[in-house]
Structure formats: structure tokens, C-alpha cells
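[1] Give me a model of this one.
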Amino acid sequence: MIKSYIKIAWRNLWKNKVYSAINIAGLAIGLASFLVILLYLNHELNYDRWDAELGKVYKVSERTDEDIMKRTHAPLPDFLKNQLPLIAHATRISPYEDYEVLLAVGDRKIYQPNFVEADSSFFKVFPFQLVQGHAATALDKPNTTVIEESVAKKLFGDSDPIGKTIKVHDAFELEVTGVMKEPDGPSHLHAAVVARTQFIDSSREQWGNTSFMTYVKTHQVVPVAVLEGQVDELYYEQRLKKDNVSFQDFRKAGHQAGLFVDAVQDLHNFPKHADSNFTTVSILLVLAALLLLAGAINFSNLSIAASIRRAKEVGVRKVLGSNRKQLLWQFLGEIALQCAVSLGLASLLVSLALPYFNTAFNVQLAFWEASNASSIALQAALCLVAVIVLSGLYPAVFLSRYNPVYVLKGDLTRGTKGLAFRNALIVVQFVVSAFFVIGTLVISKQMQYMQTRERGFSGEQVLRIEADFKTREAGFETMRSALLRLPGVLEVSKTTAVPGDVYVDTSTWAFKHAGEVHRMSSVKVSAQYFKTLGIDLVQGRLFDDSYADQHTRSAIINEAGARKLNLEDPIGAIIHFPGCDSVSIQVVGVVRDFNVSGFEQSIKPVAYTIGNDACVFQSAGAVLVKLAGDDIGNSVSAIEQAWKNIEPAFPIRYSFLDDNFQQLFASYIRLQRIINFFGFTAIAIAVMGLFALTAFLVGQRMKEISIRKVLGASIADLGLLLSKGFMRLIALAVTIAIPLGWWAANAWLQGFAYRISLNGWVFLIAALAVLAVAALTVGFHTFKAAKANPADTLREE
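    This next block holds a predicted model:
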């Protein structure tokens, strides 16, 4: 029996090759899209799950009443470990993330990202596996390092690196005491080089040093709330408490200052006070599920449309003794076979699409990863079952319920109940299509807005050069003079907060003014910074070469800073860095607000100063070079040549500011492309289903159409007769999609400080687009039927 069912199913697939190909392809595209996003979701949820010990690791962070601090005080790890029995180990680290550190072994030099400074307890907290050396003792000595296998290969080739030295940034040497393998899964902490440096040792007891991140490991897995309650209260009692105010009264008064804790396994997807990529993943998963639903509905509708060819077969089978249950399982099995073929085709499409997806999202996904192959296989199997039920159950029921008395007489219009369900499927399908069209329009308008909105500065022909600390500080004027002598170089400056950088320090400082604290960002620049970027002066003056300006006795603030100080005329106002009341800094100018890091966050109040003569030291950042537009290529070549004399030990690294700023939109550009693809695919699938259903229903009514035409009905009359039912359904779908689209678009736009305003035109255009596509689809068959010769149809009568 089963063999017979399979044979019949295969014959029907082969007999209706075009129909079957369209049906299978439509479902395969929906399945492939869903599987890719499912792989991405698995990847995201797998962060910091590569070792069971990570369940005991937590990140401890600090906040003030106004801000979340990205770094904590240097002595905090030892303080917590010594005071709380719950904590087994604690470590402080300073990760450089994407910043590339120059590593040299002899003449071999590489720029290596993911450099991490750490103390001797790093491997007691993080369970990285060493293939050479011993994790327990690898960082016991100062000036030692553990490197990843890939780094060891690049620096030492096939030779043994243990005991050999690496020169870091042409400044100091580290002895290699271990080689670690890359974790088996993704991690929030990328550590290609872990180094115990003199700096991290010398700052061990300095509470004023806030350059580190704190991680602790407990003896057992504990709830985050329990650990947070203990560390927060301890820190308050020992470090923050004033005037004998109890911890409970401090919190009741509304104060937020203190410590908070994140489980390491939650940091990537569910951080307490940071941005998460999981929102984007969730959105993509929902959209992919909607596309899969559209494909399943299309499959169902196409199967129903083709059922007219199988009606007499059903009648004959019932006359010969087949019961409805047997027919139901036969047709469900045929549809399951088609779904299985669709899944196989979808797997092939996924394999072809993954390289592009990996590049676009900077991930390494594989369809069958060794770590979660069984989980992916189970999810794919469940997905197939869901698709079979969604797309196959109703067509199978529909086919099996044909009345043999009527179908064998050629009457296929009776006994075909369930029109309400079929119409509901059409409505759902076009709701999804209209929803995608609305999403496409909204994202395109927001992207256009972000890319064309005035940023407040000119990044055209501005070169960003990565420079060494000595060059940025003591050697800046010498370097500037050397570059200004080159053809095409108009200006040279420096800043600790470079517009367009992915990682810009947004932490704030507790500046004092008139006895009150005002939290603002602090950015160190050179006198030429505002001129280099063409930033407009609103009040006062820009920096010059005076002693006060060059030695941190003068400040320029932005408009947001003036508002923060509550001053209509801030020129002459005196501010002080935190803990530095002895050094008065006078505001000498106000510049127009300008955006340094995209449009998700509003422009922060900033105080710009020169030098580090006010009790606070700031460095990092980069050198900015403004070029003339005549011959950019020759100017860059001249700078490359000159840099060999400025920093002989450091190969030049540069980029253009405009390109960097554009990269801030990369994630939204990827989202836009995916939504566009989903939208186009959803509409194509919906049109395919509508096209087939229209053909089916028009075919059923050909005799009626012919009679009406003989009696004088015009093409317009026939078109209205045949299309009004479908157009009502699609109009209903659009009506449902508009409020859903508005809600989703408004929720997405809330993530931007600067965003477009939603107006009716977006939704009107989307509605008209969907209605027009549907009208053209229905109109094609309507016009074809209306133009047919009635004699050909009525000849049988």
C-alpha cells in the first residue's frame, strides 16, 4: 500500500512538472530563509556556553546615579574576593577589543586585535584551554603572555613559542608561557593574546584608576540577584556610605549608585545596561517565520487549486472502496514528499547563502556544526513537520472530501466547503506581504534620513591615522609640522573621540560648576580639531596657542553642554574636573552640536580641553589629517612615505572618516537588504498563490462567463464579477496590515534618537502597491477568460 502511494505521488509530481516545481520552489525559499535565521539564532544563544564552568562566572560593573560606567576601579576584584566567601576567584582585565596592537618577533611584525591585559587570576576565572603551558601558573610572573594557536602560528611558524619573547608596540617584551586553543563556541570576550603587564600590576591598589573590567567566579552557580545584593551592599558600606545612611535608606531615596552584576552567559544577549544584538535576531526570526508561513499558505492554496485535476481520481477511488481516511493519508503523504523535497532544496540554498550571510553579519555559521548538529537536525525535523501540517493538512482534507456522485458527473462545485478557511489563508498571506512592504518602506526612509542628515561636521577628505602614544602626546607638534609640509595636507589635529569610530568612549565625568555637579563627557583635542572637521563656532572663540588653552585652563563646550550647565551665556563660566577643585577651567567657546557615533543616541554634553594638566589623564584616539581635493592619491602616498620617518617601528594604518562613519550604518544596511529580500519573496509567493487560485476559480466558472458574455456582459462587467471577491479579501488584508505595520515600525524607530516621523503616505503607498500587484494578477486571468470564445466553452452543452 505504501509503495503504491509513493509510486502514485511520484507519477503526479512528474506529470505536473511545472506546477510541482513552482510549488516546491516557493516553499523551499521560505524554508531556506527560516533555516538561515534559525542557524543565526542558535549561534547567538550559544554565546559563552562552550564550558560548563562559565555558569559560575559573573561580570561586576559600576554605575552612578546618572551613568553606567564601562570600567571599574582597579582594586575592586581583590576587594570583593577578600570580603565575600561566596567568591572563589576574581580578576581584572583591560580588553583592547578591535584595537590592533603591534606584535613583533624579530623581523616579523603583525597587528593583532583582541589583546587583553589581565592579572594572574585570569585563567582561574575563565576556563580557556591551554594546549601548551599550565593555566594555573601561566601568568604567575610579570611580563608574561598566553597566546592563541593562530597568533603563535603567525609569529613563530612551526617552532615552539614557549619561553620566547614578543615585543609589544615597540615598547616592552612579554615572555610566552602558554598557548591556548580557540573556544569551541562564540564568546563575548575575544582573547587572542592575554598578557600580564607592568601597568596592570602597578595599578593594583589605585582606587582612582578606573581602567579595568571586573569578573568574579563563585564556588557554585548562584542566582544573579543574590550575588548582586551582596556585592552592592558591601561596596556601599565600605566605599560609598556617608553620614551613616543605611543601604536600605540610600536605595529608598532613589539613588542608583553602586554595583550591579551580569551573568557572563547573559552578557551577549541579555545585558542589564547595554545594547543587545538579540533584538535584531528576534526580529529576523519573526520575519523569517512569517515568510515561511507565507510559503506554507501558498503551498496549501496551490495544492487546492490543482485539486480539480485529481477530483475524478478521488471519485473513482471512493467507488472502488477507498475510505476517506485512506485518501487523507495518501494525499498527506504526497504533500509530505513534496515538503521533504522542498527541505532538501532549502538545504542546498542555505549552503549557497551561508557564505554571503557570514560575511554580512561577521559570523561563522555552518549548517552542520559539530557542537550542535543534533540540535539543528531536531529543529529542522520539527520545522518540516510543522510545514507539512501547515501546508498539507487542509489540502489533504479538501481532496479527500469530494463527493463521488458529483465529481464523476463533472460537477466540481458541490461538496467543496471550507471557502471561509481558504479565504482566511489568502488574507493572512497578503497581511504578511503588506507588512513586509511597509517594513521595507520605513527602513528605506530611515536609512535615507540617517545617510543624508546633517552630522554637524565635515568628514570629507579627512584621513584618520592610528598613531603611537608618544606621537600623539610629546611628539605631536613635530609630527604635525612634518605632515603640513606635504603637498595637499591642509590641517592636522588629534582627538580622543574620533567621529565614526565603532567604539567611542561615552562615559561622563562629574564636572563641577557653581557648586553643583554636571555630568559631561571629556574629550581631549588639539587646537586645530574644530577647523579640521569644519565644526561651526556658536559663541566665544576657538582654541589658540595661549598657555591657558594648551595647559587645560580653558574649555570649549558643545550646545548640549551649555544646556547641561543651564547657562544662556556660558562664556567665562568656570568648571572643574572631578576631584580637582584647585584647577579652574574657563569656558571660552561653544561649538555647534555634532554627531560622533551614529543616530541611536542623542548628542551628549561634551567639554573639550587640551593637555592633561587638570588632575585627569586622557589619551588614545587618533590623528586627523585634512586633505585638499586636487590629488588625494598623491597626498596619501606622501603621508605613507613620511610616516616611515615619523614612526619607523609602526607600519601606517589609516582610513577615511566618511567611510568609517558609513560603517556605523552597516548593521542597518544588512537589515534593510534582508527585509527587502523577504518583502520581494513574500509578494512573489503571494502572487504565485493568487495566480493559481484565480486560474482555478476562473476555470470553474468558464461556462458561466461564456453564458454571461453571450447575454451581453462586457469585459468590464466580467472583470468586476470575477475580481471583486479577491480584491475585498486583499483590501481586508491591507487594512489589518497597516496598524500592525505602524506598531512594528514605531517600535523599531524608538531605538533611534534621531528618526523619521511616521505619516500616512508610507502606509498609503504600501497599500496601493499590494492592491495594484493583486489587481494585475487577478486581471490577467479575468481578461483572458473574458476574451475567450464562448462557442469553445459551450460546445459540450
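
[2] hey, let's count contacts and neighbours off CA atoms from now on
    Will do.

[3] can you give me the helices for the stretch 351-500 of the chain?
    Counting by DSSP state H, counting those that start in this stretch, the stretch 351-500 of the chain has helices at residues 373-400, 404-407, 419-452, 469-472, 476-484.

[4] could I get those as a markdown table with mean pLDDT and distance to residue 230?
    Below are the helices of the stretch 351-500 of the chain laid out as a markdown table (pLDDT from 0 to 100; distance: least, Cα to Cα, whole Å):
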| stretch | mean pLDDT | distance to residue 230 |
| --- | --- | --- |
| helix 373-400 | 71 | 37 |
| helix 404-407 | 52 | 76 |
| helix 419-452 | 78 | 44 |
| helix 469-472 | 80 | 40 |
| helix 476-484 | 86 | 47 |
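
[5] Out of the ones you listed, which is the most enclosed?
    Comparing these by mean neighbour count (mean count of other Cα atoms under 10 Å), helix 419-452 comes out on top with a mean of 21.

[6] Can you spell out which helices and strands pack onto that helix?
    Judged by 3 or more Cα pairs under 8 Å, 6 or more residues apart in numbering; DSSP states H and E, helix 419-452 is in contact with helix 278-305, helix 666-700, helix 715-749, helix 760-787.

[7] let's go with 10 Å and repeat that
    When contacts are defined as 3 or more Cα pairs under 10 Å, 6 or more residues apart in numbering; DSSP states H and E, helix 419-452 sits against helix 278-305, helix 373-400, helix 657-663, helix 666-700, helix 715-749, helix 760-787.

[8] What average pLDDT does the fifth one get?
    Translated: helix 715-749. For helix 715-749, mean pLDDT rounds to 81.

[9] three-state assignment of residue 556?
    Secondary structure state of residue 556, per DSSP: H, G, I helix; E, B strand; the rest coil, is strand.

[10] Quickly note the distance from it to residue 655.
    Distance check for residue 556 against residue 655: by Cα to Cα, to the nearest Å, it reads 27 Å.

[11] Of these two, which one has the most company?
    Using other Cα atoms under 10 Å, the more surrounded residue of residue 556 and residue 655 is residue 556, with 29 against 13.

[12] How about the contacts made by the more buried one?
    Contacts for residue 556 (Cα atoms under 10 Å, 6 or more residues apart in numbering) come out as 523, 537, 539-543, 549, 562, 570-571, 585-591, 606-610.

[13] Residue 646 now?
    Residue 646 sits next to 467, 471, 475, 478-480, 482-483, 639-640, 652 when contact means Cα under 10 Å, 6+ apart.

[14] go with 7 Å
    By Cα atoms under 7 Å, 6 or more residues apart in numbering, the residues touching residue 646 are residue 479.

[15] For it, what are phi and psi?
    Phi and psi for residue 646, reported as degrees, to the nearest 10, are phi -70, psi -50.

[16] Let me know the distance separating it from residue 652.
    Taking Cα to Cα, one finds residue 646 at 10 Å from residue 652.

[17] And residue 601, by the same measure?
    Going from residue 601 to residue 652 by Cα to Cα gives 32 Å.

[18] right, so of the helices of the stretch 351-500 of the chain, which gets closest to residue 175?
    Among the helices of the stretch 351-500 of the chain, the nearest to residue 175 by Cα to Cα is helix 469-472 (22.8 Å).

[19] For that closest one, what is the distance to the chain centroid?
    Between the centre of helix 469-472 and the centre of its chain there are 34 Å (Cα atoms, centre = their mean, to the nearest Å).

[20] Just the residues contacting it, thanks.
    Under Cα under 7 Å, 6+ apart, the answer for helix 469-472 is residue 479.

[21] which of the contacts of residue 556 are buried?
    For those, a burial check counting by 16 or more other Cα atoms under 10 Å picks out 523, 537, 539, 542-543, 549, 562, 570-571, 585-591, 606-610.

[22] Show me the domain layout of this protein.
    What automatic domain parsing lists as the domains of the chain is 1-47+274-417, 55-266, 467-652.

[23] where does the stretch 501-650 of the chain dip in pLDDT?
    502-507, 598-600 (pLDDT under 70).
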